[in-house]
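A.B. asks: let me see the structure of the following:
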Amino acid sequence: KDLEKLVNELGSVDIFIHSAGISAVGRFIKTDLAKQKAVLDVNLRAVLILTKELLARNKISRGGSIVFVSSLSHQASYPGAAVYAASKDGISSFARSLRFFLKDVHVLTVYPGPTRTPHAAKYSPDNSNENKRMLPAVLAKKIYNSVEQRKRSLVPSFMLQVFARAGTYFPYLTEQLMLRTLYKKIEKSKN
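C.D. replies: Model prediction:
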């Protein structure tokens, strides 16, 4: 009811960005089921429901854009955050499927890497690399430019593009890198 009321009160939208995201880190088998469900509810289910409501009520203007913020985990596995990776991969698949049917609405899928946000700080095992993360304002500008250029996808830097390609063509290599740089540090910080 609250969602319907909110969407009904909303005027026509030129750009709508789905960027909410939470995570549950650690070994999948040891991660609390309620936390896993919350990740799926926030990261994927809410996106599906809200997108349906916006489109069903014609709230996205003709020629407008819907931006889906996925994750590099779509191309490179994310050990220690399996449910997060699954939810963000679901967003990518949903956007790709939706794009086929939306002739008057542009769909952009964003695959950001490490971004300097409270979410990244909370789930990072070691925040010593905080300054290497992309600033949200820089990412926002890249998203804006990609919307203007009507791009279908955005991986926001050359190094992230290299990493994404490596994840596609050399998955074992990127899995081992992520295991070493993230997962093992997450497990160590929990002990």
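A.B. asks: so, low pLDDT: which residues of the chain?
C.D. replies: 1, 118-130, 181-191 (pLDDT under 70).
A.B. asks: residues in contact with the residue nearest to the spatial centre of it?
C.D. replies: What sits nearest the mean C-alpha location of the chain, by CA atoms, centre = their mean, is Ser70, with 2.4 Å. Counting by CB atoms under 8 Å, 6 or more residues apart in numbering, Ser70 makes contact with 88-89, 91-92, 95, 109-111. From N, CA and C alone the C-beta is placed, and that goes for glycine too.
A.B. asks: please repeat the previous calculation with a cut-off of 6 Å.
C.D. replies: For Ser70, the contacting residues are 88, 91-92, 109, 111, by CB atoms under 6 Å, 6 or more residues apart in numbering.
A.B. asks: where along the chain do the strands fall?
C.D. replies: In the chain, the segments counted as strands under DSSP state E are 13-18, 60-69, 106-110, 153-154.
A.B. asks: any idea how far Ala95 is from Lys35?
C.D. replies: 25 Å (CB to CB, to the nearest Å).
A.B. asks: same deal with Asn145?
C.D. replies: Counting by CB to CB - Asn145 and Lys35 are separated by 35 Å.
A.B. asks: what does Val110 give?
C.D. replies: Between Val110 and Lys35 the distance is 25 Å, computed by CB to CB.
A.B. asks: who's more crowded, these two?
C.D. replies: For the pair Val110 and Lys35, the greater number of neighbours falls to Val110 (24 against 15), based on other CB atoms under 10 Å.
A.B. asks: what's the neighbour count on Arg45?
C.D. replies: Around Arg45 there are 14 other residues, counting by other CB under 10 Å.
A.B. asks: going forward, the N-terminal residue is numbered 33.
C.D. replies: Sounds good: first residue 33 from here, last item Arg77.
A.B. asks: could you export the longest helix belonging to the chain as CSV, CA atoms only?
C.D. replies: The helix that spans the most residues within the chain, counting by DSSP state H, is helix 114-133. Taking C-alpha atoms only, helix 114-133 is exported to CSV below (Å, rounded to 0.1, in the frame of the first residue of the first chain):
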residue,chain,number,x,y,z
ALA,A,114,27.8,-15.2,-2.4
VAL,A,115,24.2,-13.9,-1.8
TYR,A,116,25.3,-10.3,-2.5
ALA,A,117,26.9,-11.5,-5.8
ALA,A,118,23.7,-13.5,-6.7
SER,A,119,21.5,-10.5,-6.0
LYS,A,120,23.6,-8.2,-8.1
ASP,A,121,23.9,-10.8,-10.9
GLY,A,122,20.1,-11.0,-10.8
ILE,A,123,19.9,-7.3,-11.3
SER,A,124,22.1,-7.6,-14.4
SER,A,125,20.0,-10.4,-15.9
PHE,A,126,16.8,-8.5,-15.1
ALA,A,127,18.0,-5.3,-16.8
ARG,A,128,19.2,-7.2,-19.9
SER,A,129,15.8,-9.0,-20.2
LEU,A,130,13.8,-5.8,-19.5
ARG,A,131,15.7,-3.8,-22.1
PHE,A,132,14.3,-6.0,-24.8
PHE,A,133,10.7,-4.9,-24.1
